[in-house]
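[1] Have a look at this fold, sequence not included:
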């Protein structure tokens, strides 16, 4: 009679040490644990249970995992915790983890290094109107509260600005060593006798440029003449009515700046948000009220996610071409319009999480010559995932704060004109 033979492969195990290190000037603000995924192969085939294995690594001590002897293993950190850069290997020079062989009786090591670069923040206090000379002596007190990668109150500090009453722009001492990418809410807590208190300003700490730490200036200006700002998205072209375009979301960065009395460009409001064709968004302050923009404010837009449009046209795409707030006895209404033209339907794109290049801070131009975007140029292919059913009104749209304490309220006005259907 035939005999049955059972063959069982029994693999011995060895230890794999995951070593986590945090470096950089802002390393004191780093978290201590990070999620990671360990992948192992044996003879080129995935090892069951390690395809991948989800683990938590600690910067306080190595994380040890038992793996099959003879397997080759690598690791991927799945959440960098707000780090400026993640590298792998004991010399921290690899952008990806190289497969590392394991052997019986030996401890293999996989190293992950998170670099937390730093920048600084300065508060600038400017004055406009006939009472400027009498208001500039101060002192003006500001609280600074910063969050990093979803962790609130990572930094909590205070800055004081004082002047001589001459009406010139006042600057605080820099608040140094702040982690790159941190979002800092600056609130004026002592007005120094001014008639009004400006709304809180949120700024993002910029990354270093050519190895030099950068400083972001949070600007505060007493408002006399004022305007509100709307952002409108129009889709046009032969493929504008395609399902892909109707469902597409576009990411637009809106920046408003003023020129201080000494020529410095101050960011007074900047926010990146997702918007669909036919929508109009109102810029409001951190408390939900219309954000009032002062006389002389220059507002412009740059689209960072085009939804696969053939071309993107923005008339006000830089400080020089911006819409500008003038003088008025009443609150003015100004607007920005971004037109995406689709000659063919965009290619479908798998939903992905938005990423930000930490080496670029588009919301903080250094002078009037800065141009975050050019209108009417070919747009990169891409798209955003559908957020849900279309509705008539949404009270508040969640958005990524970039550079000034502002959010956007959605006013979904899907009219034929806003869709571009009446355009010639």
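    The structure has been received and is ready for your questions. Since the structure is predicted, the reported quantities are computational estimates derived from the model, not experimental observations.

[2] only C-alpha atoms for contact and neighbour calcs from this point on.
    Noted.

[3] Can you get me the start-to-end distance on stretch 144-159?
    From its first residue to its last, stretch 144-159 covers 7 Å (C-alpha to C-alpha, to the nearest Å).

[4] If we go by neighbour counts, what in it is buried?
    144, 145, 146, 147, 148, 149, 154, 155, 159 (16 or more other C-alpha atoms under 10 Å).

[5] what sits up against it?
    Contacts of stretch 144-159 from elsewhere in the structure, counted by C-alpha atoms under 8 Å, 6 or more residues apart in numbering, are 29, 81-82, 123, 141-143, 172-173, 175, 178-179, 181-187.

[6] Thought residue 59 was touching residue 35, still the case?
    No: in this structure residue 35 lies outside contact range of residue 59 using C-alpha atoms under 8 Å: 11.6 Å.

[7] Which of those two has more residues huddled nearby?
    residue 59 (19 against 15; other C-alpha atoms under 10 Å).

[8] which among the contacts of stretch 144-159 end up buried?
    Using 16+ other C-alpha under 10 Å as the burial test, the contacts of stretch 144-159 include 29, 81-82, 123, 141-143, 172, 175, 178-179, 181-187 as buried.

[9] Now residue 345. Nearest residue, chain neighbours left out?
    The shortest distance from residue 345 to any non-neighbouring residue, by C-alpha to C-alpha, 6 or more residues apart in numbering, is to residue 239 (5.3 Å).

[10] Where does the one you found sit: helix, strand or coil?
    State at residue 239, reduced to three classes by DSSP: H, G, I helix; E, B strand; the rest coil: coil.

[11] pLDDT-wise, which helix or strand of the chain ranks last?
    Lowest mean confidence among the helices and strands of the chain (mean pLDDT, DSSP states H and E): strand 394-397, at a mean of 25.

[12] just to revisit the earlier point, tell me which of the contacts of stretch 144-159 fall in strands.
    123, 141, 142, 143, 175, 178, 179, 183, 184, 185, 186, 187 (DSSP state E).

[13] tell me the two of these that are most distant?
    Comparing all pairs in those by C-alpha to C-alpha, the longest separation belongs to 141 and 179, at 22.5 Å.

[14] Name the surrounding residues that touch stretch 237-257.
    By C-alpha under 8 Å, 6+ apart, the list of residues contacting stretch 237-257 reads 235, 265-277, 297-307, 319, 341-346, 348, 363, 383-386.

[15] Weed out the non-buried ones from these.
    Neighbour-count burial (16+ other C-alpha under 10 Å) applied to the contacts of stretch 237-257 gives 235, 265-277, 297-307, 319, 341-342, 345-346, 363, 383-385.

[16] in stretch 280-299, what counts as buried?
    Judged by neighbour count (16+ other C-alpha under 10 Å), stretch 280-299 contains these buried residues: 280-286, 290-299.

[17] Leaving aside the residues adjacent along the chain, what's closest to residue 216?
    Computed as C-alpha to C-alpha, 6+ apart, the closest residue to residue 216 that is not its neighbour in sequence is residue 121, at 5.1 Å.

[18] give me the beta-bridge partners of that neighbour?
    Residues in a beta bridge with residue 121, per DSSP bridges, are residue 175, residue 216.

[19] where in the stretch 1-150 of the chain is pLDDT low?
    Scanning the stretch 1-150 of the chain for pLDDT under 70 picks out the ranges 1-3, 5-11, 128-137.

[20] Show me where it has its strands.
    Here the stretch 1-150 of the chain has its strands, by DSSP state E, counting those that start in this stretch, at 13-23, 33-42, 45-46, 53-58, 63-68, 72-77, 85-88, 100-101, 107-115, 118-126, 140-148.

[21] May I have the strands that pair with the fourth one, each with its orientation?
    The partner list of strand 53-58 in its sheet, established with DSSP bridges, is strand 33-42 (antiparallel).

[22] what's the answer for the third one, then?
    If you go by DSSP bridges, strand 45-46 pairs up with strand 33-42 (antiparallel).

[23] Run through who's touching the partner strand.
    Strand 33-42 is contacted by residues 46-47, 50-59, 67, 70-81 when judged by C-alpha under 8 Å, 6+ apart.

[24] ok, 7 Å please
    Here strand 33-42 makes contact (C-alpha atoms under 7 Å, 6 or more residues apart in numbering) with 46-47, 50-59, 70-81.

[25] What subset of those residues is buried?
    The neighbour count (16+ other C-alpha under 10 Å) marks 46-47, 50, 52, 54-55, 57-59, 70-77, 80-81 as buried among the contacts of strand 33-42.

[26] Would you mark the buried spots in stretch 197-212?
    Of the residues in stretch 197-212, those buried under the neighbour-count criterion (16+ other C-alpha under 10 Å) are 197, 198, 199, 200, 201, 202, 203, 204, 205, 206, 207, 208.

[27] which ones among the residues you listed are found in strands?
    Cross-referencing the buried residues of stretch 197-212 against strands under DSSP E gives 201, 202, 203, 204.

[28] Kindly indicate which of those lies nearest residue 86.
    residue 204 (19.9 Å).

[29] Does that closest one touch residue 186 like I think?
    No: Residue 204 lies out of contact with residue 186 (C-alpha atoms under 7 Å); the separation is 10.9 Å.

[30] Run through the residues that contact the residue nearest to residue 294 when sequence neighbours are not counted.
    Closest residue to residue 294 apart from its sequence neighbours, by C-alpha to C-alpha, 6+ apart: residue 226 at 4.7 Å. When contacts are counted by C-alpha under 7 Å, 6+ apart, residue 226 touches 292, 293, 294, 295, 325, 331, 332.

[31] picking that back up, in TSV, list the ones in strands among the contacts of stretch 144-159 along with distance to residue 106.
    TSV is the format used below for those (distance: C-alpha to C-alpha, whole Å):
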residue	distance to residue 106
123	55
141	59
142	56
143	53
175	47
178	41
179	38
183	44
184	46
185	50
186	52
187	55
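
[32] just to revisit the earlier point, and the pLDDT at the residue nearest to residue 345?
    Note for residue 239: predicted pLDDT of 90.

[33] Look at it and say how many residues are nearby.
    Using other C-alpha under 10 Å: residue 239 sits among 18 other residues.
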